[in-house]
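Student: I would like the atomic coordinates for the input below:
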Amino acid sequence: MSLDRLDAAVRAGVAAGLLPPGTARPTEDSRPWPVLLLIALGAWLAALPLVGVVGVLLGDLMQRGVGPYIVGPLVLAGAVVVLRARDVALFVEQLAVPALLVGGGALGFGLFRDLPDRFACAVLAAIALGVAIALPRAWLRVLLGALAAALVAAASHPGRWLSSEAFGDGWGIAWHASLALGALLVAIQQADLGDSRAARRAAALESINAGWLLAVVAGLAFWSGMTFLVAGTLGGAAELGTGLMPRRLGSVLPALSVLLALAAAALAASRWPALRRPWCAAVALVIVLLGWPMPALGAALLALAHAASSQRWRLAGAAGVAAAWIVGAFYYQLAWPLATKSLVLLGAGAVLGLLAWLVRERADRAAAAAAPPNSRAALAALALVALGMLAVANVGIWQKQQLIEHGRPVFVELAPVDPRSLTQGDYMQLAYRLPDAASQRHLAPAAKVSRPRVVARLDDRGIARIDRLADGTSLAAGELLIELTPKGGRWVIVSDAWFFREGEAQRWQRARYAEFRVAPDGRALLVDLRGPSLEKL
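Tutor: So this is what the prediction gives:
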């Protein structure tokens with residue numbers, strides 16, 4: 001929104017009695033941003049050694065007794081006072097930002113030392129909200145709001161945060177609880193406009209709620225796991241969310257997702273009367289039904305509906321990206337057969353396409369000719385999204401082609417396992433002879449961000465003998481790195497399955513080696529299975 005439109009909106013709000021008399025648009029900071037950036041960088045560089053000195057002097061006090069509860073609140077209070085002051089040097093003002101981190105970190109150290117983790121997170125979330133309301137900087141309020149939302153989610157988590165079981169429904173419960181509290185803050189903000197003080201509190205809550213919503217939609221996307229093709233394109237990114245259908249709660253989270261999607265549709269229809277049409281209801285029904293197999297989708301759609309219907313377009317864009325990410329992550333939900341997932345998405349796309357065609361056919365041609373001024377921008381945005389999707393897909397394909405053409409052929413011995421899946425059709429499950437350390441619990445996918453690699457030694461025929469986990473030391477002659485991939489709570493090389501056509505089981509029973517193409521950095525691709533003498537099957 002331009003400044004002139006904002007001034008006009010403020011004047012209209014005062015005239016209608018929605019804003020108290022004398023309300024004016026906040027004046028912008030007239031200091032050039034490059035100057036602010038350089039001074040902030042200098043303040044951070046000066047703060048780091050200062051924090052080290054304070055840590056050395058007060059280290060014993062911080063580790064024992066009530067030290068964190070003395071140092072933390074004092075540093076936080078001092079930082080808030082400096083940031084609220086108007087006549088303070090810019091360098092001192094920028095020093096207050098790392099002071100916030102130091103004070104909050106000291107207080108957090110004491111709380112996590114003396115209290116259960118969930119209670120400590122709840123207390124820190126309340127402190128973050130209080131500090132955010134006290135600060136006059138909108139960007140700091142956004143960051144603190146996001147921090148408070150994450151702490152509320154951590155406090156609401158029913159189990160261990162990074163356990164392999166946590167991603168089934170633990171973080172789903174946590175982020176939905178954070179969404180509920182965020183909705184309460186939105187309700188408080190909308191009701192808090194009675195006088196000038198209340199209006200200022202509502203303005204503070206606007207920034208806090210923005211950060212809260214961003215944290216929630218990011219958390220929902222994280223809980224959903226890696227989205228379609230991104231894991232393969234990035235290579236080193238861990239697949240954090242394979243098979244995220246709830247385990248202990250059964251259909252509770254899918255049902256909640258459907259209810260939230262219905263609430264999103266109702267909210268959008270209540271604020272946009274143009275959506276109260278039969279074809280809009282049909283579109284909403286398709287999207288609502290998608291909320292069942294995608295337990296995070298309903299919450300993301302509700303955030304999208306709230307942001308878009310209140311014209312918070314940047315937040316709506318973030319929520320829309322999160323919703324698209326969640327839909328793409330459906331591809332990796334291994335509890336569903338791939339054919340079923342494809343049919344679900346294909347059916348939804350076909351119904352939406354048919355509805356769009358019917359609406360276009362029934363539209364008046366004269367009205368269609370008088371396109372709204374922003375139609376070109378909308379078409380350009382759609383074209384940009386389509387080009388982005390094609391770019392992601394083709395980059396992934398190109399990377400695989402390059403690896404097949406230029407990667408080093410490596411053969412890894414297979415271990416016999418169950419040769420068939422009842423839900424996925426004919427396939428051979430693969431297992432590899434890996435070092436014992438590669439299957440230890442501390443290497444579970446939920447606890448690692450980067451993938452581990454193993455060191456293999458090749459013989460004259462290219463058969464790899466995997467010796468150890470890579471520890472950063474230089475490789476000897478004849479050795480190479482192979483990256484591991486998380487599958488089902490354990491590490492494998494690229495994949496644990498080889499699919500084949502129905503009726504070809506006897507052909508692949510003779511497989512004794514898996515053939516890979518391996519890049520110098522360890523990225524690998526399964527290309528074939530070989531027989532006992534490395535013959536093609």
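Student: quick check: mean pLDDT across stretch 305-316?
Tutor: For stretch 305-316, the mean pLDDT works out to 90.
Student: output it in CSV, but only the C-alpha positions, please.
Tutor: Provided in CSV are the C-alpha atoms of stretch 305-316 (Å, rounded to 0.1, in the frame of the first residue of the first chain):
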residue,chain,number,x,y,z
ALA,A,305,-7.9,-17.4,3.9
HIS,A,306,-7.4,-15.1,6.9
ALA,A,307,-4.4,-13.3,5.4
ALA,A,308,-6.0,-12.9,1.9
SER,A,309,-9.4,-11.8,3.1
SER,A,310,-7.8,-9.1,5.3
GLN,A,311,-5.6,-8.0,2.4
ARG,A,312,-2.3,-9.0,4.1
TRP,A,313,-1.0,-10.1,0.8
ARG,A,314,2.6,-10.9,1.8
LEU,A,315,1.4,-13.2,4.5
ALA,A,316,-1.1,-14.7,2.1
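Student: and residue 61, what's its pLDDT?
Tutor: In this model, residue 61 carries a pLDDT of 65.
Student: typo on my end, it should be residue 468
Tutor: pLDDT, residue 468: 78.
Student: surely it is within a strand?
Tutor: Yes - the assignment for residue 468 is a strand, going by DSSP: H, G, I helix; E, B strand; the rest coil.
Student: which helix or strand contains residue 325?
Tutor: According to DSSP states H and E, residue 325 maps onto helix 313-329.
Student: contacting residues around that helix?
Tutor: 210, 213-214, 217-218, 220-221, 224-230, 241, 244, 290, 294, 296-297, 300-301, 303-304, 307-308, 345 (Cβ atoms under 8 Å, 6 or more residues apart in numbering). In this view, the C-beta of every residue, glycine as well, is placed from N, C-alpha and C.
Student: so, low pLDDT: which residues of the stretch 101-250 of the chain?
Tutor: For the stretch 101-250 of the chain, the stretches with pLDDT under 70 are 160-168, 192-199, 229-250.
Student: over to the spatially most central residue of the chain: give its phi and psi.
Tutor: By Cα atoms, centre = their mean, the chain has its centre lying nearest to residue 222, at 3.4 Å. Dihedral pair for residue 222: phi -60, psi -40, per degrees, to the nearest 10.
Student: tell me the spacing between it and residue 298.
Tutor: From residue 222 across to residue 298, the span is 16 Å (Cβ to Cβ, to the nearest Å).
Student: go on, residue 405?
Tutor: Distance from residue 405 to residue 298, by Cβ to Cβ: 44 Å.
Student: more neighbours, those two?
Tutor: A direct count of neighbours by other Cβ atoms under 10 Å for residue 405 and residue 298 places residue 298 higher, at 31 against 8.
Student: check which helix or strand that one maps to.
Tutor: Going by DSSP H and E, residue 298 is part of helix 297-309.
Student: so how far is that helix off the chain centroid?
Tutor: Mean C-alpha position of helix 297-309 versus that of the full chain (Cα atoms, centre = their mean, to the nearest Å) differs by 16 Å.
Student: equivalent analysis for stretch 396-406, please.
Tutor: On Cα atoms, centre = their mean, the centre of stretch 396-406 falls 27 Å from the chain's centre.
Student: can I get the CA coordinates of it in CSV?
Tutor: C-alpha atoms of stretch 396-406 as CSV (Å, rounded to 0.1, in the frame of the first residue of the first chain):
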residue,chain,number,x,y,z
GLY,A,396,16.3,-32.6,-11.2
ILE,A,397,16.1,-34.5,-14.5
TRP,A,398,19.3,-32.9,-15.8
GLN,A,399,21.1,-33.6,-12.6
LYS,A,400,20.2,-37.3,-12.9
GLN,A,401,21.1,-37.5,-16.5
GLN,A,402,24.5,-35.9,-15.8
LEU,A,403,25.1,-38.4,-13.0
ILE,A,404,24.2,-41.3,-15.3
GLU,A,405,26.5,-40.1,-18.1
HIS,A,406,29.5,-39.0,-16.0
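Student: quick one: mean pLDDT for it?
Tutor: The predicted model assigns stretch 396-406 a mean pLDDT of 79.
Student: now the buried members of the contacts of helix 313-329.
Tutor: 210, 213-214, 217-218, 220-221, 224-229, 241, 244, 290, 294, 296-297, 300-301, 303-304, 307-308, 345 (16 or more other Cβ atoms under 10 Å).
Student: low-confidence ranges, the stretch 401-537 of the chain, go.
Tutor: Across the stretch 401-537 of the chain (using pLDDT under 70), the flagged ranges come out as 416-427, 433-450, 487-490, 502.
Student: helices of that one, start to end?
Tutor: In the stretch 401-537 of the chain, the helices defined using DSSP state H, counting those that start in this stretch lie at 505-508.
Student: what ranges do the strands span in it?
Tutor: 408-415, 420-421, 425-429, 431-432, 453-458, 463-469, 479-483, 485-487, 490-492, 497-499, 513-518, 524-530 (DSSP state E, counting those that start in this stretch).
Student: of those strands, flag the one that's most buried.
Tutor: Per residue and on average, the most neighbours among the strands of the stretch 401-537 of the chain fall to strand 513-518, with a mean of 22 (mean count of other Cβ atoms under 10 Å).
Student: what's the domain layout of the chain?
Tutor: Annotated domains of the chain cover 1-29, 231-363, 376-406, 408-530 [automatic domain parsing].
Student: dump these into a markdown table; add distance to residue 87 as well.
Tutor: Listed next are those as a markdown table, based on distance: least, Cβ to Cβ, whole Å:
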| stretch | distance to residue 87 |
| --- | --- |
| domain 1-29 | 15 |
| domain 231-363 | 33 |
| domain 376-406 | 44 |
| domain 408-530 | 45 |
